[in-house]
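Visitor: build me a model:
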Amino acid sequence: MNDEDAAAEVPQVFTLFQNAPNPFNPSTVIGFDLASDMPVRLAVYSAAGQKVRELVSGHMNAGQHSVAWDGRDDTGQPVSSGVYLYCLEAGGRSETRKMLLLR
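Guide: Next up is the predicted model:
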């Protein structure tokens, strides 16, 4: 792979994708693109805004990424059916999307 091919594979914008599958049970995958290397935080929240699970917290390289969520909270306990929000914070920006867990 030459430098031009490598540059073509790096996303040009910060993007948070809809999780798949959605609705889900027992797990789902959240995808996102980073245009440059940066600190990243990806967390899942209840519809009431309480943090349920932190999926990513740290520095990540530019590129396409995906993270699985198994429908469990930070203590490892399964969460109930319902609407959850996931928020990606990176490079001074944030994006939030909804997902639905059906048990």
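Visitor: residue 101 contacts residue 24, correct?
Guide: Yes - with contacts counted by C-beta atoms under 8 Å, residue 101 reaches residue 24, the gap being 6.1 Å. Using the backbone N, CA and C atoms, a C-beta is placed for each residue, glycine as well.
Visitor: give me the more crowded residue out of those two.
Guide: Remark: of residue 101 and residue 24, residue 101 carries more neighbours, 21 against 18, as counted by other C-beta atoms under 10 Å.
Visitor: partners of the more buried one in the sheet?
Guide: In this entry, residue 101 is beta-bridged to residue 24, residue 82, by DSSP bridges.
Visitor: just residue 56 next, same as before
Guide: With DSSP bridges as the criterion, residue 56 is bridged to residue 42.
Visitor: now residue 60
Guide: residue 38.
Visitor: host element of the residue lying closest to residue 20 once chain neighbours are set aside?
Guide: In this structure, residue 20 finds its nearest non-sequential neighbour in residue 29, 5.8 Å apart by C-beta to C-beta, 6 or more residues apart in numbering. Using DSSP states H and E, the element containing residue 29 is strand 28-34.
Visitor: buried residues in that strand, which are they?
Guide: Neighbour-count burial for strand 28-34, counted by 16 or more other C-beta atoms under 10 Å, picks out 28, 30, 32-34.
Visitor: quick one, what contacts the most centrally placed residue in the chain?
Guide: In the chain, the centroid-proximal residue (C-alpha atoms, centre = their mean) is residue 30; its distance is 4.4 Å. Neighbour list for residue 30: 16-17, 19, 42, 55, 66-69, 86 [criterion: C-beta atoms under 8 Å, 6 or more residues apart in numbering].
Visitor: on that earlier part again, for the strand holding residue 29, the averaged confidence score.
Guide: What strand 28-34 shows for mean pLDDT is 97.
Visitor: again with stretch 40-55
Guide: Stretch 40-55 shows an average pLDDT of 98 in the prediction.
Visitor: endpoints of that stretch, how far apart?
Guide: Taking C-alpha to C-alpha, to the nearest Å, stretch 40-55 runs 10 Å from one end to the other.
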